[in-house]
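S.K.: all I have is the shape, not the residue letters:
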C-alpha cells in the first residue's frame, strides 16, 4: 500500500473519530436534563469557569449554592480567602479551567448568554476545543510515528486504528477532564523526543516541545513527573546545551502558569490536594487541657470552647495572628489522621473564621496546637470520616486491588486488551536493540513505576479512580503504550493468524470504550457483568 493510500485510510479514521466525539458531546445531557455536566469531577472545573467568567473570582460560593443541583460537586475545598472569610473553591488545579475561561468569555460575548443561562452552548464548544482537537492531534502524531517506526503497512494502519478506536481517551471526550490534556502533553513530548533520540532531527523546536509537552502532562497528572525526569535525561544525553537553553525554559513556562494561577486562586503555591493535613506547629499546650476538651465534647449541648482552653491558646496570640473570640466552637476531628495521632480536636472562631487543630500524638503527653491546613475538612464535606460511599471507601485488600487493576473489573488488560500487545511489543523491541531500544526501556520503566505507585497507595486512595469506566489515572500513559505495541503489530502482520488475533483484541478494546461512550463516569462493563453473575459484591 502506498503512503498516499495509507494516509487516505488514516484520514477516514480521523474523521470517524472526530465525528463520533463531536456527536456525543452534542448529545450528552445530565440526568436532570438541565446541563451537559455528568459528574462531580467535571462539575468542579465548570464551577471555576463559571465563577471566574461571570464573577471574576475563583471563589465558587455563589455558584455552588445556586440551583440547580447540576452545579454541586464533592470535589470542593474550603479555606480563608483574601477577605479573611471562609470560601469554597474547586479542588482541581486552576490552570486548565483558567485557560478555558477565556474561550467561555468569547462565547459569552458572542451569544450574549452566560453559562448559567445556557450551560450547553459554551460547554459544548469548550469540550470540542479542549477534547476533540487534542485527541485529533494525538492521533495524528501517533500516525506519524507509526509511519516512521513500523515496518509493515498493515502494522501502520493497525496502530492508527488503535489510537482512533481502541483507547478510553475518546470515551472521556464528552466530559471536562485532565486526562486528555495530559495524554496530549505526553504525545507531543514523546514525538519530539523520539525524533531527537533517533537523530532524525536536532531542531531547537523539538527540544522546546519536549519541555512544554512533558510539563503540560505534569500540570494535569502529577505522576507524570516521572516522565519529565526520563525526558530530561534523554534530551540531555542528546544535547545538554539545547536542554538547558530550550527544554528547561519550556518546563519553566508551564510550571509558572501552574503555580501562578494556583497562587492567584488560593493565595498558596501548593495545589489544593496538598492541603490535607494539619498546619505548622504553633505551640505545645499543657496536657491538663485534654480533660477539659473531652468534657466539653461529652456534653451534647455544649460545643463552645472552654474559657481555660481559650486562655491557654490566646497565650500564643502572637503566633496565631488573632486572639480567639468568645464565639469559638469546639469540634472533634473529622478527617482521617496519621497513624501516630491518638486524639484530635478542631477549634473554629466564627467571628474571624480562624481555625486551629489540637493534636495528641502517641508517646507524647503534650498537646500540639497547629495551624489550619486541611482544606477538605468542613461541614458537609464528602471527605469526612464515615461520609465516603461505595468505591470511594477503598479496597481493603491490596492483592485484590492489584488483581482488578490489572485483569479484573477495572483491569488495564481486561478492559483494553490491546495493551497485551504492548507487553509483547516491548519484549520484541528490547531484543532488537535498535534505535528505539532506550525508548522501550523508558516505557517499561514508567509503566511499572506508575502502576506500582497506584497499587501501593493507602486504603483511602485504592478506589479505582472512583465511579469511572476505566482506571483513568493511567490514561496519560496510553500514547507510550501505543508506541510500545508497534513491534508487536509488525510481528503479527506477517500472517493471517497474527492479524486475526490483533484485530480481535482491537475489537474488544473498542467495545469496552464504547460501552461508556455517553458517560465515562460509570462502572465498566466487566464490573456490571461480574455483579450481575454475583462473582463480586457491588460497591455499597
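M.R.: The structure has been received and is ready for your questions. All values reported here derive from a predicted model rather than from experimental measurement.

S.K.: show me what the helix or strand harbouring residue 229 is in contact with.
M.R.: Element membership for residue 229 (DSSP states H and E) is helix 225-238. The contact list for helix 225-238 (C-beta atoms under 8 Å, 6 or more residues apart in numbering) reads 186, 189-190, 193, 196-197, 199, 202, 207, 210, 214-215, 217-218, 242-243, 247-248, 251, 438, 442, 445-446, 449-450, 476. (Glycine included, C-beta is placed from N, CA and C.)

S.K.: quick check: next helix or strand after it?
M.R.: Next element after helix 225-238 (DSSP H and E): helix 240-242.

S.K.: buried ones in that next one?
M.R.: Across helix 240-242, burial judged by 16 or more other C-beta atoms under 10 Å covers residue 242.

S.K.: which element follows that helix toward the C-terminus?
M.R.: Next element after helix 240-242 (DSSP H and E): helix 248-266.

S.K.: beyond that following helix, next helix or strand please.
M.R.: Next along from helix 248-266, by DSSP H and E: strand 281-285.

S.K.: and the helix or strand following that following strand, what does it pack against?
M.R.: Next helix or strand after strand 281-285 toward the C-terminus (DSSP H and E): helix 289-298. If you count contacts as 3 or more C-beta pairs under 8 Å, 6 or more residues apart in numbering; DSSP states H and E, helix 289-298 packs onto helix 307-314, strand 328-332, strand 341-349, strand 354-361.

S.K.: now the angle from helix 289-298 to strand 354-361?
M.R.: 120 degrees (axes from the mean of the first three to the mean of the last three C-alpha atoms, to 10 degrees).

S.K.: the longest helix in the protein is where?
M.R.: Using DSSP state H, we find that the single longest helix of the chain is helix 3-25.

S.K.: what's that helix packed up against?
M.R.: Counting by 3+ C-beta pairs under 8 Å, 6+ apart, helix 3-25 packs on helix 133-149, helix 153-165.

S.K.: what about 10 Å?
M.R.: helix 119-127, helix 133-149, helix 153-165 (3 or more C-beta pairs under 10 Å, 6 or more residues apart in numbering; DSSP states H and E).

S.K.: as a whole number, average confidence for the shortest one?
M.R.: This means helix 119-127. For helix 119-127, mean pLDDT rounds to 95.

S.K.: next, the angle from that helix to helix 3-25.
M.R.: Using the same axes, to 10 degrees: helix 119-127 against helix 3-25 is 150 degrees.

S.K.: packing partners for helix 119-127?
M.R.: On a contact count with 3+ C-beta pairs under 10 Å, 6+ apart, helix 119-127 meets helix 3-25, helix 40-55, helix 95-111.

S.K.: redo that, cut-off 6 Å
M.R.: helix 95-111 (3 or more C-beta pairs under 6 Å, 6 or more residues apart in numbering; DSSP states H and E).

S.K.: how many neighbours does residue 41 have?
M.R.: Around residue 41 there are 24 other residues, counting by other C-beta atoms under 10 Å.

S.K.: tell me which residues touch it, please.
M.R.: The contact partners of residue 41, by C-beta atoms under 6 Å, 6 or more residues apart in numbering, come to residue 75.

S.K.: ok, it to residue 458 distance?
M.R.: In this view, residue 41 and residue 458 are 21 Å apart by C-beta to C-beta, to the nearest Å.

S.K.: equivalent analysis for residue 244, please.
M.R.: Computed with C-beta to C-beta, the distance linking residue 244 and residue 458 is 38 Å.

S.K.: again with residue 493
M.R.: Distance from residue 493 to residue 458, by C-beta to C-beta: 44 Å.

S.K.: before we move on, the earlier item: please work out which of the helices and strands packed on helix 289-298 is packed deepest.
M.R.: Using mean count of other C-beta atoms under 10 Å, the stretch among the helices and strands packed on helix 289-298 with the largest mean neighbour count is strand 354-361, at a mean of 21.

S.K.: against which helices or strands is that strand packed?
M.R.: Against strand 354-361 (3+ C-beta pairs under 6 Å, 6+ apart) you get strand 341-349, strand 367-370.

S.K.: what is the neighbour count of the residue nearest to residue 24 when sequence neighbours are not counted?
M.R.: Spatially, and ignoring its direct neighbours in sequence, residue 24 is nearest to residue 174 (4.9 Å; C-beta to C-beta, 6 or more residues apart in numbering). When counting by other C-beta under 10 Å, one arrives at 28 neighbours for residue 174.

S.K.: again with residue 367
M.R.: Using other C-beta under 10 Å, residue 367 has 23 neighbouring residues.

S.K.: quick check: closest non-adjacent residue to it.
M.R.: residue 285 (4.3 Å).

S.K.: and that neighbour, what does it touch?
M.R.: Going by C-beta under 6 Å, 6+ apart, residue 285 touches 312, 367, 369.

S.K.: buried residues, stretch 528-537. List them.
M.R.: Neighbour-count burial for stretch 528-537 [16+ other C-beta under 10 Å]: residue 530.

S.K.: what's it in contact with?
M.R.: Contacts for stretch 528-537 (C-beta under 6 Å, 6+ apart): 409, 538.

S.K.: can you give me the end-to-end span of that stretch?
M.R.: Using C-alpha to C-alpha, to the nearest Å, the end-to-end distance of stretch 528-537 comes to 10 Å.

S.K.: any idea of the mean pLDDT in it?
M.R.: Stretch 528-537 comes out at a mean pLDDT of 92.

S.K.: for the protein, what are the low-confidence residue spans?
M.R.: 299-302 (pLDDT under 70).

S.K.: residues touching the residue of the chain positioned farthest from its centre, list them.
M.R.: Distance from the centre of the chain peaks at residue 308, with 45.2 Å (C-alpha atoms, centre = their mean). Contact analysis of residue 308 by C-beta under 6 Å, 6+ apart lists residue 292.

S.K.: nearest to residue 345, of the helices and strands packed on helix 3-25?
M.R.: helix 119-127 (41.9 Å; C-beta to C-beta).

S.K.: so what's the residue count around the closest residue to residue 97 other than its chain neighbours?
M.R.: Leaving aside its chain neighbours, residue 97 sits nearest to residue 48 (3.9 Å; criterion: C-beta to C-beta, 6+ apart). When neighbours are counted by other C-beta under 10 Å, residue 48 registers 26.

S.K.: hmm, the residue nearest to residue 24 is touching residue 25, no?
M.R.: Yes. The criterion here is C-beta atoms under 6 Å, and residue 174 meets it with residue 25 at 5.4 Å.

S.K.: next, the buried residues of stretch 212-228.
M.R.: 212-224, 226-228.

S.K.: give me the distance from that stretch to the chain's centre.
M.R.: 11 Å (C-alpha atoms, centre = their mean, to the nearest Å).
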